[in-house]
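Asker: Just need the structure, nothing else, for what follows:
(one chain, ligands or ions: 1)
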Amino acid sequence: MYLIYLLRRDLRISDNPIIHALKDSTRYTHVLPLYVISPSQIEVSGFLKEGMESPYPETRSRIGKFWRCGPHRTRFLAEGLWDLKHGLRSLGSDLVVRVGRMEEIIQGLLLDKEFSTKVGGVWMAKDWGYEELEEERRVGTTVDSLGGGGVEWKVFNGEETLIHEDDLPVKPSELPDVFTSFRKRLEPLRENIRLPMPSPESFYPLPPLIPGQAHPFVIPTSLEGLHDALQKPLKQSDLEFPPPFPAYTKSAHPFTGGESYAHTRVKHLISSGAMAAYKDTRNGLVGEDFSTKLSGYLSHGFITARQVNAYLVTFEDGTAPSSPTNGDGYGNGENKGTAAVRFELLWRDYMRLCMRKYGHRLFSVHGFRGPPQNTGSRRHHGKTSGARWRTLFESSTAFSRFQNGTTGTGLIDASMRELALTGYTSNRARQNCASFLAIWLGIDWRVGAEWYESMLVDYDVASNWGNWQYVAGVGNDPRGGGEGRRFNPVKQAWDYDPRGEYVRMWVEEMGDVGGGQGNLEVLFQPSKVDEVLARRGSGGVEGKTDRRVLEGLRLIVGSRDPLVEVSYEKRKMGGGKGGKRGGTKMRESRELTV
Ligand SMILES: Cc1cc2nc3c(=O)[nH]c(=O)nc-3n(C[C@H](O)[C@H](O)[C@H](O)COP(=O)(O)OP(=O)(O)OC[C@H]3O[C@@H](n4cnc5c(N)ncnc54)[C@H](O)[C@@H]3O)c2cc1C
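Answerer: Okay, the predicted model is just below:
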């Protein structure tokens, strides 16, 4: 008897609850691991046979009409599917890929005369996203109506959270609205995390005859073919002015998708000492190792949070199969780096639980907090009365400049270009960009969330929309409401990019701007160029070169016409280093020009 296993965001062999459950099953002789590329989330017109038209509308977002799954994530996904194919082949199986809505694919299989008589079950893992629950419901209905009671329809707990559902201190519906209250009930966190499931040594063979892909689509037979089919429609870019990839700039996320690469990445983080140093480096902006870069692997289910935790435990206990190259902290128990990684993974769980608690309110402009109450206040955002965001229609120029990275605020432009060019940008940069769009520009935060959904390699429905809500002041943030999180992007640049390296890397036209206080002021806010030049006078030989570079910047749109003027005064106070330590003094003002 055959089992159809529908894979979703559980694209791995190890620590996989369905593969694990099959170990003890006597019901099935063959298993069909099936991944469906669904036109609800991924554009599929690149799979059409020559000259055919797609029966589906283009897969675009609701408000901004962006491609829902952009070029970076499709690449990472294609690589991951191929890696899984190899993994399954090594166990005597394979991965079969189909294009169409999941229920249509199941319908096709259950209506196939020969194949359907042998199908005894359809299994899949739970995914708590609103659309994913709808998809599950439709597949379930199809199985029930066509399977005639003889087909076992099972939905498994995906087991991809750090904390097992049965170990949660509260039911998801009673989740506290403050993360800290939730976290405290799970301490000591290290003790509350289960071990991953053992990896299988063998697996079931594929059914001998599998019905092919339905007309009008064709499934490529190589990774390159799959990649090309996914990328083809996306060549029509959503960006008005796609930024160039600056020469000499390296992506902070050059990683390949897939289960085996996920494990290689974690082993590298442990062995190099990056995991142990994480707490001190996690707010970085440049390079591969300042943070784990595991988000893409986790969001596709190439690895689970519990597997990451198991690696941390072997490091802490000194029981890793090979000792780390950088052995700092090895065998010395939990350290602040490994504890901080667990802490962030718990945030991930929390975002998922918020999604379960609030359902489709994840996508509501009013967020989890609900529509504004009439408090008499005229404040603009969040929970207060008269709340109104500028729509995309009202702010299309400003939004386009945000998207293209030409706002005239260095940190924001660097991050938005990095995102468009690589599919990744750091948590620090994401917070600043979300705050810039939602709080400084007052634009409907959902358009920003949709753009991130399109571009991010690590897009995760709960983490993306939940974090956007949080920063916009409509989510589960005790400091939210009204103003949300107003980050000063110039102060943040001084604090987290103190030599201007990050801005120079991604904003190519500023790549030659030198160091020194005045130059940094211009890097972080190009509209300062005249003020800095006037202050400086003609200067010596070095000054002249500098001056020419700065004068050239007068032409760029960000310096002529910044979207926001942030006034920020940096002055020395008793040798402090800056920012939080009291070495800088900050004044902000807000002025919208678009
Ligand atoms: C506006 C905005 C949008 C975001 N969208 C996403 C998204 O679509 N997908 C996504 O995985 N993360 C998202 N995040 C959270 C966070 O920015 C990324 O998880 C992190 O930057 C990924 O890099 P990393 O793997 O190196 O993280 P690390 O700093 O190494 O953290 C380790 C892991 O913890 C989890 N994590 C860390 N921070 C958060 C957080 N704030 N919320 C939830 N989980 C977290 C991630 O799984 C991450 O891989 C978003 C944050 C903001 C502010």
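Asker: mind listing the strands for this structure?
Answerer: For the chain, applying DSSP state E gives strands covering 2-7, 30-37, 96-99, 119-125, 152-156.
Asker: Need those strands in a markdown table (columns: mean pLDDT).
Answerer: Shown next, in a markdown table, are these (pLDDT from 0 to 100):
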| stretch | mean pLDDT |
| --- | --- |
| strand 2-7 | 98 |
| strand 30-37 | 98 |
| strand 96-99 | 98 |
| strand 119-125 | 98 |
| strand 152-156 | 97 |
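Asker: Switch those strands over to TSV; also include distance to His253 and mean neighbour count.
Answerer: Where you see a C-beta, it was placed from the backbone N, CA and C, and this is true even at glycine. Listed next are those as TSV, based on distance: least, CB to CB, whole Å; neighbours: other CB atoms under 10 Å:
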stretch	distance to His253	mean neighbour count
strand 2-7	24	23
strand 30-37	23	22
strand 96-99	25	22
strand 119-125	26	22
strand 152-156	30	16
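Asker: Nearest to the ligand among those strands would be which one?
Answerer: Of all the strands of the chain, strand 119-125 sits nearest to the ligand, with 17.8 Å by CB to the nearest ligand atom.
Asker: Just checking: what are the partner strands of the closest one?
Answerer: Under the criterion DSSP bridges, strand 119-125 sits next to strand 2-7 (parallel), strand 152-156 (parallel) in its sheet.
Asker: The first one vs strand 30-37, what angle?
Answerer: Using axes from the mean of the first three to the mean of the last three CA atoms, to 10 degrees, one finds that strand 2-7 and strand 30-37 are set 30 degrees apart in direction.
Asker: Verify the contact between Trp468 and Tyr452 for me.
Answerer: Yes: judged on CB atoms under 8 Å, Trp468 makes contact with Tyr452 at a distance of 7.2 Å.
Asker: More neighbours: the two, which one.
Answerer: Trp468 (26 against 22; other CB atoms under 10 Å).
Asker: Nearest spatial neighbour of that one, chain-adjacent residues omitted?
Answerer: Ala449 (4.1 Å; CB to CB, 6 or more residues apart in numbering).
Asker: dump the residue contacts of that neighbour.
Answerer: Asn464, Trp465, Trp468 (CB atoms under 8 Å, 6 or more residues apart in numbering).
Asker: Restricting to those residues, which residues neighbour the ligand?
Answerer: Residues of the contacts of Ala449 in contact with the ligand (CB under 6 Å from any ligand atom): Asn464, Trp468.
Asker: can I get the strands of the chain in TSV with distance to Ser426?
Answerer: Listed next are these as TSV, based on distance: least, CB to CB, whole Å:
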stretch	distance to Ser426
strand 2-7	30
strand 30-37	30
strand 96-99	32
strand 119-125	29
strand 152-156	34
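Asker: Same list as before, those strands that is, but in CSV and with distance to the ligand included.
Answerer: Shown next, in CSV, are the strands of the chain (distance: least, CB to the nearest ligand atom, whole Å):
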stretch, distance to the ligand
strand 2-7, 19
strand 30-37, 20
strand 96-99, 24
strand 119-125, 18
strand 152-156, 21
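Asker: before we move on, back to that, quick one: which of the contacts of Ala449 is nearest to the ligand?
Answerer: Asn464 (3.1 Å).
Asker: how much space between that closest one and Arg89?
Answerer: Distance of Asn464 to Arg89, given as CB to CB, to the nearest Å: 33 Å.
Asker: The two: who's more crowded?
Answerer: Neighbours per residue, other CB under 10 Å: of Asn464 and Arg89, the larger number sits with Asn464, 22 against 13.
Asker: the bottom helix or strand of the chain by mean pLDDT?
Answerer: helix 541-552 (a mean of 80; mean pLDDT, DSSP states H and E).
Asker: what does it contact?
Answerer: Contact with helix 541-552 is made by 509, 512-514, 516, 519, 522, 529, 532-533, 536-539, as judged by CB under 8 Å, 6+ apart.
Asker: of all these, which two lie farthest apart?
Answerer: Using CB to CB, the contacts of helix 541-552 span at most 24.4 Å, a distance reached by Glu509 and Gly537.
Asker: Right, I'll leave it there.
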